[in-house]
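S.K.: Sequence and predicted structure are below.
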Amino acid sequence: MSPNNIIEKKIDELNKNLKEIKNISKKFPKQKKLQFHARDLKNDKKVKKILDEKLSNNTKNVIYIFEISNINLKKLHNCFDKFSTTNKKLSKTDTRRINLSKHNKEHNSNYLYVGSKRKNFKRRIKEHIGTNNNRTFAMHLKDWVPKLPAMKIKIIYYTFNNKIKNEEVLQIIEDAYWDYCMPILGKKGHN
């Protein structure tokens, strides 16, 4: 296949994705949210109750945003840095070591994380909270944010379910939110 054919094929694919995004933007799903304080993360039963009451196991194609308030951002950055530094000192084979999200030290927004999930949204949120699998890259909030008890955490999410047929479309929407929010943790693009 010639370079021109390869590029033309990619342009057609991108145009198809853009058309799908334009249609989705006209009928964007209703915003849902889940709120709690950092101090709530000390209590596993309370966390489980919050997640079980608010989140469904069968949601798919979700864009989610962790928004924070009632916090000094410098204190937040320092708290994460301190925990991350201590964590990195542990051997990679140590079961206490956690795979943490990337720290965007230059970002000072009220957004902690932006992500998307095709399936198992509830499980992904549990990984970010820190009640599921410490080997998955996530924020693992319960391991370090209880030191910031007054901080409020709001998870804003949009459930597309079957409205999105293409994984790239979900990623493009996530990247648009990432560019807008400039989150303190996580990285842009495919994992």
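M.R.: Perfect, I can see it now.
S.K.: Extract the residue ranges of this structure that are flagged as low pLDDT.
M.R.: Low-confidence segments of the chain (pLDDT under 70): 191.
S.K.: Please report how far the residue positioned nearest the centre of the chain lies from Lys187.
M.R.: In the chain, the C-alpha nearest the mean C-alpha coordinate belongs to Gly115, at 3.3 Å (CA atoms, centre = their mean). The gap separating Gly115 from Lys187 is 10 Å, by CB to CB, to the nearest Å. Every residue, glycine included, has its C-beta placed from N, CA and C.
S.K.: Let's verify Tyr64: helix, strand, or coil?
M.R.: Under DSSP: H, G, I helix; E, B strand; the rest coil, Tyr64 falls in the strand class.
S.K.: what residues are up against it?
M.R.: With contacts defined as CB atoms under 8 Å, 6 or more residues apart in numbering, Tyr64 is in contact with Tyr113, Val114, Gly115, Ser116, Lys117, Phe121, Arg124, Ile125, Ile155, Ile156, Tyr157, Tyr158.
S.K.: Need phi/psi at the second one.
M.R.: What that stands for is Val114. phi -130, psi 130 (degrees, to the nearest 10).
S.K.: cool, the first one as well?
M.R.: Dihedral angles of Tyr113 (phi, psi; degrees, to the nearest 10) stand at phi -160, psi 150.
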